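Asker: could you work out the structure for the sequence below:
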Amino acid sequence: QVQLVESGGGLVQAGGSLRLSCAASERTFIRYNMGWFRQAPGKEREFVAAINWIGGSTEYADSVKGRFAISRENAKNTVYLRMNSLKPEDTAVYYCAAAGGREIATMPVEYTYWGQGTQVTVSS
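Answerer: Predicted structure coming up:
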């Protein structure tokens, strides 16, 4: 059982930046591909970014390409999401998740473990 705890959310003005962190409880963290998802009120959970277990491969949703960057520090059991040039439409609860398998996953159903989420609010 891997427990994930997100932090770093908050209120920021449009154009600002935030860095989200997700700390895992287990050293087996290195075995998992990691992803970030978000869910806005009244909308389905959507894929944001993912990174493979070693950090050598990443994937992003088109809506965040060039603005967001996912990274991980396996020695610290932590994955990050750096968010720049934030827009009001980025407002959502952001979740990190862990997935087994060899390939990066972009669908929520492919992820086994989820954090509780952290709120990001971008004001215009």
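
Asker: how many neighbours does residue 122 have?
Answerer: When counting by other C-beta atoms under 10 Å, one arrives at 20 neighbours for residue 122. Glycine gets a C-beta too; all of them are placed from N, C-alpha and C.

Asker: what about it, which helix or strand?
Answerer: Assessed by DSSP states H and E, residue 122 sits inside strand 118-123.

Asker: who are the packing partners of that strand?
Answerer: Using 3 or more C-beta pairs under 8 Å, 6 or more residues apart in numbering; DSSP states H and E as the contact definition, the elements that strand 118-123 packs against are strand 10-13, strand 18-24, strand 92-99.

Asker: if we use 10 Å, what do you get?
Answerer: Counting contacts by 3 or more C-beta pairs under 10 Å, 6 or more residues apart in numbering; DSSP states H and E, the secondary-structure elements packed against strand 118-123 are strand 4-7, strand 10-13, strand 18-24, strand 78-83, strand 92-99.

Asker: which ones are touching the residue lying farthest from the centre of the chain?
Answerer: Checked against the mean C-alpha position of the chain, the extreme residue using C-alpha atoms, centre = their mean is residue 124, at a distance of 22.7 Å. Remark: with contacts taken as C-beta atoms under 10 Å, 6 or more residues apart in numbering, residue 124 is in contact with 13-15, 87-89, 91.

Asker: select from these the one having the most neighbours.
Answerer: Each of these was scored by neighbour count (other C-beta under 10 Å); the top score is that of residue 91, with 19 neighbours.

Asker: middle-most residue in this structure, spatially?
Answerer: With the centre of the chain defined as its mean C-alpha position, the nearest residue by C-alpha atoms, centre = their mean is residue 36, 2.3 Å away.
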